[in-house]
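Visitor: sequence? don't have it. structure:
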Ligand code: HEM
């Protein structure tokens, strides 16, 4: 008997009633007899499909591997958890299972080892040619950047970097080397930081130049995003020809970011990730024109010039170089922007912290004897302010720690055994082609590493202010680790600090509605390491009380 067929079958909002009218009886009888005939073959088919699916998904498990954590929902449980909680899912499992040092998750036919012990993480970091980030970068180039076949072949050469990243040659390593060398502390970092500061100050000036006392009402996150996108890309590509100054190209970039997960599936992107796919086309077109015209490179940063030179040496076509820029801009923007947002919010919503920071910045200006030189022009050295205001730097590091959500992704290029020196010397077997991940949020919440206040925001935690103990560097995974440690970390810190110092000195910022700050909820995003706010925060910005007479702010590095 199939009562739902006989009585009532609901399909979306349409309800068909078969129950009562005599002319429908023969239809119902027919359906019933068909169902009786089909029930056994259908049940057998269901069993066969289930068993096949089970064996198709099942991957051999060697008990020498890290313990396996099973989901109550077979096959798809972990996948659903990851889609729902992002990298936070690893923390959820680890906490429920009493924090094993490393564990295995089987997701579909793939295997992921999740490392929760700092000792094991350090062991993996030291073996970065076997526990490698390279396949993830290549996957990104294939699915998101969509580089041509020839370029993909060049990028995929020498996966294991046999000669090490310093001596190795090839398109991939030399591109990365160009980035590293342009951002390494010293002359190059100073040069690019100086340029960044000029552009940051310029976009501030364009928006707020000329003083005035009236409030500007702005959506804080969107405002920071637009500001920093222009300032950062002007720095890299030169302000005259920067393709991101074209709103279509900039929106295209942010559409790619928004639709990153669907775009990354690389299945009918024009249908399943329509906006992101269109955004990618606009972005690539804008950058293609930049390289085709050629004149933008003269004012571009050393980083872009050096990468261009490498790519042309390997005869990479302009279209693929433009596609690589999607990767460059992703690294450049997607984390710095939310980091600045949280830093501004944390500082301006805490009156004591705001007072303390401003006090030390004002002291710095007085110590440098700069502001008093002219009543209407104030010159301030940002690098000097950073040195003299350790609390500001500590605060930014703490913002990055507490809002961090990255899960360093690696692939095992060979079978490997690792021993946990802290866990009684237990040795685990890690199998070739498996994924390995180290979730930062789990480390950053760990009280054994950060003390009982691990879960709290403490602006003075880093640095020696307020007698806090120094934190072990391996416990801080904001910028990842090992061979893939973020090459842009010093530049990012300089940019976040520059923005914060300018905002602290020049503006008063408060929420629009009732003057009460609320910290918005945040969410993970597949392409970012820093959580992004779920809702917008509307604020009023006006020139800082007592400093309205300053007509010209001169920020130097
Ligand atoms: C607050 C800002 C930033 C954060 C939190 C951040 C974080 C990260 C993280 C977690 C990784 C992966 C590391 C790993 O897997 O171990 C990474 C990689 C990378 N980041 Fe950043 N990043 C930031 C800013 C930047 C900037 C400004 C640039 C460029 C100017 C940049 C360029 C890169 C590149 C190129 C990689 C790939 C490294 C490789 O392939 O070896 N990042 N970043």
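Guide: Arrived safely. Because the structure is a prediction, the values reported are computed rather than measured.

Visitor: The ligand contacts on the stretch 151-300 of the chain?
Guide: Proximity of the stretch 151-300 of the chain to the ligand, by Cβ under 6 Å from any ligand atom, involves residues 176, 179. Every C-beta, even on glycine, is put in place using the N, C-alpha and C of the backbone.

Visitor: what's the neighbour count on residue 48?
Guide: The number of residues packed near residue 48 is 10, by other Cβ atoms under 10 Å.

Visitor: try residue 224
Guide: Residues near residue 224, counting by other Cβ under 10 Å: 22.

Visitor: Identify each of the strands in the stretch 301-450 of the chain and give its residue range.
Guide: Using DSSP state E, counting those that start in this stretch, the strands assigned to the stretch 301-450 of the chain run over residues 377-381, 407-412, 416-420, 426-430, 435-439.

Visitor: Out of those, which is closest to the ligand?
Guide: Evaluated over the strands of the stretch 301-450 of the chain, closeness to the ligand peaks at strand 407-412, with 3.6 Å, by Cβ to the nearest ligand atom.

Visitor: what inclination does the closest one have with respect to strand 426-430?
Guide: 70 degrees (axes from the mean of the first three to the mean of the last three Cα atoms, to 10 degrees).

Visitor: List the strands paired with strand 407-412, with their directions.
Guide: Strand 407-412 has its sheet partners listed here by DSSP bridges as strand 131-132 (antiparallel), strand 435-439 (antiparallel).

Visitor: export those to a markdown table and tack on mean neighbour count?
Guide: As requested, the strands paired with strand 407-412 are exported to a markdown table (neighbours: other Cβ atoms under 10 Å):
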| stretch | mean neighbour count |
| --- | --- |
| strand 131-132 | 24 |
| strand 435-439 | 23 |
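
Visitor: mind checking which of these is nearest residue 474?
Guide: In terms of Cβ to Cβ, the element of the strands paired with strand 407-412 nearest to residue 474 is strand 435-439, at 10.6 Å.

Visitor: any idea of the mean pLDDT for that closest one?
Guide: In this model, strand 435-439 carries a mean pLDDT of 95.

Visitor: what stretches of this structure score poorly on pLDDT?
Guide: Applying pLDDT under 70 to the chain flags the ranges 1-25, 27-28, 35, 50-58, 165, 210-213, 364-376, 423, 464-471.

Visitor: Could you pick out the residues of it near the ligand for me?
Guide: On the criterion Cβ under 6 Å from any ligand atom, the ligand has as its neighbours in the chain the residues 133, 137, 176, 179, 331-332, 335-336, 339, 400, 406, 408, 478-481, 484-488, 491-492, 529-530.

Visitor: switch the cut-off to 5 Å
Guide: Residues of the chain lying near the ligand by Cβ under 5 Å from any ligand atom: 331-332, 335-336, 339, 406, 408, 479-481, 484, 486, 488, 492, 529.

Visitor: Report the buried members of these.
Guide: Buried by 16 or more other Cβ atoms under 10 Å: 332, 335-336, 339, 406, 408, 479-481, 484, 486, 488, 492, 529, out of the residues of the chain next to the ligand.

Visitor: before we move on, the earlier item: residue 33 is nearest to which of the strands paired with strand 407-412?
Guide: strand 435-439 (51.5 Å).

Visitor: Just the residues contacting the closest one, thanks.
Guide: Strand 435-439 is contacted from outside by 87, 90-91, 94, 110-116, 121, 124, 131, 406-412, 430, 477, 481, using Cβ atoms under 8 Å, 6 or more residues apart in numbering.

Visitor: Let me see the contact set for residue 539.
Guide: 217, 218, 220, 348, 509, 510, 511, 512 are the contacts of residue 539 under Cβ under 8 Å, 6+ apart.

Visitor: Just give me the neighbour total for the nearest residue to the last one once chain neighbours are set aside.
Guide: Counting by Cβ to Cβ, 6 or more residues apart in numbering, residue 538 is the residue found nearest to residue 512 once chain neighbours are left out, at 4.5 Å. One way to gauge burial is a neighbour count; for residue 538, by other Cβ under 10 Å, it gives 15.

Visitor: same thing with residue 392?
Guide: 25.

Visitor: Now do the contacts for it.
Guide: Residues in contact with residue 392 (Cβ under 8 Å, 6+ apart) are 357, 360, 361, 385, 386, 497, 500, 501, 504.

Visitor: Apply 6 Å and report the result again.
Guide: residue 357 (Cβ atoms under 6 Å, 6 or more residues apart in numbering).

Visitor: circling back to that earlier point, tabulate the buried ones among the residues of the chain next to the ligand (CSV), appending distance to residue 454.
Guide: As requested, these are exported to CSV (distance: Cβ to Cβ, whole Å):
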residue, distance to residue 454
332, 30
335, 21
336, 25
339, 20
406, 17
408, 19
479, 19
480, 20
481, 19
484, 25
486, 22
488, 26
492, 23
529, 19
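
Visitor: mind checking how far residue 509 is from residue 549?
Guide: Using Cβ to Cβ, to the nearest Å, we find residue 509 at a distance of 20 Å from residue 549.

Visitor: Those two: which is more packed in?
Guide: Neighbours per residue, other Cβ under 10 Å: of residue 509 and residue 549, the larger number sits with residue 509, 22 against 10.

Visitor: Okay, and which of the residues of the chain next to the ligand map to helices?
Guide: 331, 332, 336, 339, 492 (DSSP state H).

Visitor: Can you tell me which of the contacts of strand 435-439 are buried?
Guide: Looks like those have 87, 90-91, 94, 111-116, 121, 124, 131, 406-412, 430, 477, 481 buried, using 16+ other Cβ under 10 Å.

Visitor: how about the contacts of residue 539, which pair is most distant?
Guide: Greatest spacing in the contacts of residue 539, by Cβ to Cβ: 217 and 348 (14.9 Å).

Visitor: Those two: which is more packed in?
Guide: The neighbour count for residue 217 versus residue 348, taken as other Cβ under 10 Å, is higher for residue 348 (21 against 9).

Visitor: Tell me who's in contact with that one.
Guide: By Cβ under 6 Å, 6+ apart, the neighbours of residue 348 are residue 509.

Visitor: which residue does the stretch 151-300 of the chain bring closest to the ligand?
Guide: residue 179 (5.2 Å).

Visitor: and which of the buried ones among the residues of the chain next to the ligand is nearest to residue 517?
Guide: residue 339 (18.1 Å).

Visitor: What separation do you get for that closest one and residue 31?
Guide: For residue 339, the distance to residue 31 - Cβ to Cβ - is 62 Å.
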